[in-house]
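Asks: 3D, please:
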Amino acid sequence: QFYFPDINVMEQKRKYSENYLKLGFSTVISNDIEKPQCVLCNAVLSAQSMKPSKLKRHLETKHSEHITKDLDFFKQHEATLKKQKLDFTGTFQQQSQAVVKASYEIALEVAKNKKPHTIAETLIKPCLLKSVKLVLGEASEIKMRNISLSNNTIQRRISDMSIDVMEQILSEIKASPVFSFQLDESTDVSSCSQLLVFVRYIHLEDIKEEFLFSRALKTTTKGEDVMEMISSFFESNDLQWKNLCGVCTDGAPAMLGSRSGFQSKVKELAPQAKGLHCMIHRFALATKTLPKPLQEVLDSLVTIVNYMKSSALNTRLFKELCKNMNSDHEVLLFYTAVRWLSKGNVVGRVFELENEIKQFLEIKGKHEFMTHFNDETWIQRVGYLSDIL
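Replies: All right, here's what the predicted structure looks like:
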């Protein structure tokens, strides 16, 4: 005779251990059987999976980015898991999952379009409820009311997604053999100094570039202030200076100073890192020393644009002229010295609307400006400026 033990009896003998939380697993009772439940993805495994080897395999295959997390990290997720209402199978109710997912999707669209958080509650949800009621009926409208889109909820959803993206980027940087970063400090309209940092690293045999972080410099913007903020970020996120291969900055004294510049301080911690001067800033400096013939063309071009844009009537008339001529553009762009990247856009727009501008100036009788557009050399130099700017 052969004895086949009851499988349920075997499953009941498997007990949960508190050490399993280090592997990302809590416990749940389903049909009077204790089963392991992942605190990250909420998946409930079979009772036979109540083994450290199987739980570790789930963590490595499904959540490889969280392998190095400490016990406190999993305790936080376990606390969140316990707050949720579970059904008799030990999984989240499908409806609740869909409602939460919908809330995250809407929060993501709000963030992508850079809209205020209140728009979800004041505009999106009312439109959503009215549309569902008209198309699917009142029963569906009642279900849609469960989607939480309050101001605080949207802010919390965006913050959660931001933290998740940051954790993914940091895990990829740590897995990369080398990485480099580029930074710049700029003062906004409210006189707040913002430090922006971009990182470039190797991921899946390809070079990947991501935005790393943005922090405010509350007092001075010296090289040591920037270095203190970067060092603090490296220490808090366990990034290694020995893996740094390059730093790219502009040519400001705070960045390239031989004694107290940021790059010289980086060399003290990472001698192997190469310091680079941003090529876009080099182009900006080059445009300030244009040869005299090109500078004269640029000055006269800006004068023509200012004439056509200074009057609201001229702007409307030129717009109608471009519509009648089926032009690709209908307006000219103002040149702003502070925003030096706009210089190329201004010249390029004039070059593309050459015939329209020429006809408009002829109608207005501006012969002093018409002489430029009748000069073939002047037109060629405008095209050359459009290319190099």
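Asks: if I look at Phe179, how far off is Val197?
Replies: Phe179 sits 12 Å away from Val197, going by CB to CB, to the nearest Å. Backbone N, C-alpha and C define where each C-beta goes, glycine included.
Asks: Kindly report the same for Glu60.
Replies: Going from Glu60 to Val197 by CB to CB gives 31 Å.
Asks: Correct me if wrong: Asp184 contacts Gly251.
Replies: No: checked against CB atoms under 8 Å, the pair Asp184 and Gly251 is beyond contact range at 11.1 Å.
Asks: higher neighbour count, the two?
Replies: Using other CB atoms under 10 Å, the more surrounded residue of Asp184 and Gly251 is Asp184, with 18 against 12.
Asks: quick one: secondary structure of the more buried one?
Replies: Assigned with DSSP: H, G, I helix; E, B strand; the rest coil, Asp184 falls in the strand class.
Asks: and Glu65, how many neighbours does it have?
Replies: Glu65 has 14 neighbours, counted by other CB under 10 Å.
Asks: Let me see the confidence value for it.
Replies: Per-residue pLDDT puts Glu65 at 85.
Asks: Can you report how many residues lie near the nearest residue to it once chain neighbours are set aside?
Replies: Spatial nearest neighbour of Glu65, chain neighbours left out: Ser171 (4.6 Å); criterion: CB to CB, 6 or more residues apart in numbering. Applying other CB under 10 Å, we find 15 residues neighbouring Ser171.
Asks: So which bits of the helix or strand where Ser171 lies are buried?
Replies: Using DSSP states H and E, Ser171 maps to helix 151-175. Neighbour-count burial for helix 151-175, counted by 16 or more other CB atoms under 10 Å, picks out Thr153, Ile154, Arg157, Ile158, Ile169, Leu170, Glu172, Ile173.
Asks: before we move on, the earlier item: more neighbours: Phe179 and Val197, which one.
Replies: Phe179 (21 against 17).
Asks: ok now do the residue lying closest to that one once chain neighbours are set aside, which residues does it touch?
Replies: Once flanking residues are discounted, Phe179 sits nearest to Tyr201: 3.8 Å by CB to CB, 6+ apart. By CB atoms under 8 Å, 6 or more residues apart in numbering, Tyr201 lies in contact with Glu172, Ile173, Ser176, Val178, Phe179, Ser180, Ile207, Lys208.
Asks: pretty sure Tyr201 is in a helix, no?
Replies: No: counting by three-state DSSP, Tyr201 is not found in a helix; it is strand.
Asks: Just list whatever residues bridge to it.
Replies: Using DSSP bridges, the bridge partners assigned to Tyr201 are Phe179, Lys208.
Asks: What distance do you get for Leu45 to Gln76?
Replies: In this structure, Leu45 and Gln76 are 21 Å apart, going by CB to CB.
Asks: Thank you, goodbye.
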